[in-house]
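Q: okay, predicted coordinates and the sequence, questions at the end:
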Amino acid sequence: MNTPSTPNHAPVLDALAEVLKQRRSASPENSYVASLHHKGLNKILEKVGEETTETLLAAKDAEHGSEAQRQALVAETADLWFHSLVMLSHLGLDHQDVLNELARRFDISGHDEKAARTPS
Ligand SMILES: N=c1c2ncn([C@@H]3O[C@H](COP(=O)(O)OP(=O)(O)OP(=O)(O)O)[C@@H](O)[C@H]3O)c2ncn1[C@@H]1O[C@H](COP(=O)(O)O)[C@@H](O)[C@H]1O
């Protein structure tokens, strides 16, 4: 887990978002991300689905598992985040849109928010 003595990697999201955006017009032969953009949204969603399943399986293994299994969960989650970022980028969105939404929700109890919803 990240502690105050470990490096802050948050800027990597800004840098990665810029790379993902540039890859929209790059050659699919030279870039995995460009190949995903080239194949289109359905292929990207297929990858997000695959990585979701792999993350769920890794989480089950990690629950009572070894340190290696916990690290495998971290790696699978990174794959899921990465492919989710490609999905957002393909649709003209990025991590900042998601962070803004999380910031908007910050400190609002999920129970309180649900109770305040107007019945449909
Ligand atoms: N963070 C990542 C990253 N994480 C995972 N992957 C790739 O995601 C792919 C998924 O692996 P899988 O085994 O699930 O898929 P696969 O079986 O190889 O592929 P499919 O046949 O299923 O499509 C692998 O090729 C990984 O290398 C990534 N590829 C790229 N990045 C970042 O994106 C940048 C741009 O990458 P390129 O566009 O390839 O230059 C890189 O510099 C990195 O910063």
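A: Now that the structure is in, tell me what you want to look at. Numbering: from 1, shown residues only.
Q: name the element Thr52 belongs to?
A: helix 41-63 (DSSP states H and E).
Q: contact residues of this protein facing the ligand?
A: Listed as neighbours of the ligand in the chain under the rule Cβ under 6 Å from any ligand atom: Leu16, Val19, Arg23, Ser31, Tyr32, Val33, Ala34, Asp79, Phe82. (Glycine included, C-beta is placed from N, CA and C.)
Q: out of the residues you listed, which end up buried?
A: Those of these that meet the buried threshold are Leu16, Arg23, Val33, Ala34, Asp79, Phe82, by 16 or more other Cβ atoms under 10 Å.
Q: identify the farthest-apart pair in the residues you listed.
A: Within those, Ala34 and Asp79 form the most distant pair, 17.9 Å apart (Cβ to Cβ).
Q: Provide the secondary structure category for the residue of the chain most remote from its centre.
A: Each residue of the chain has a distance to the centre, and by Cα atoms, centre = their mean the biggest one is for Pro119: 31.4 Å. Following DSSP: H, G, I helix; E, B strand; the rest coil, the label given to Pro119 is coil.
Q: and stretch 6-14, what's buried?
A: Leu13.
Q: and the end-to-end length of it?
A: Its first and final residues considered, stretch 6-14 spans 19 Å by Cα to Cα, to the nearest Å.
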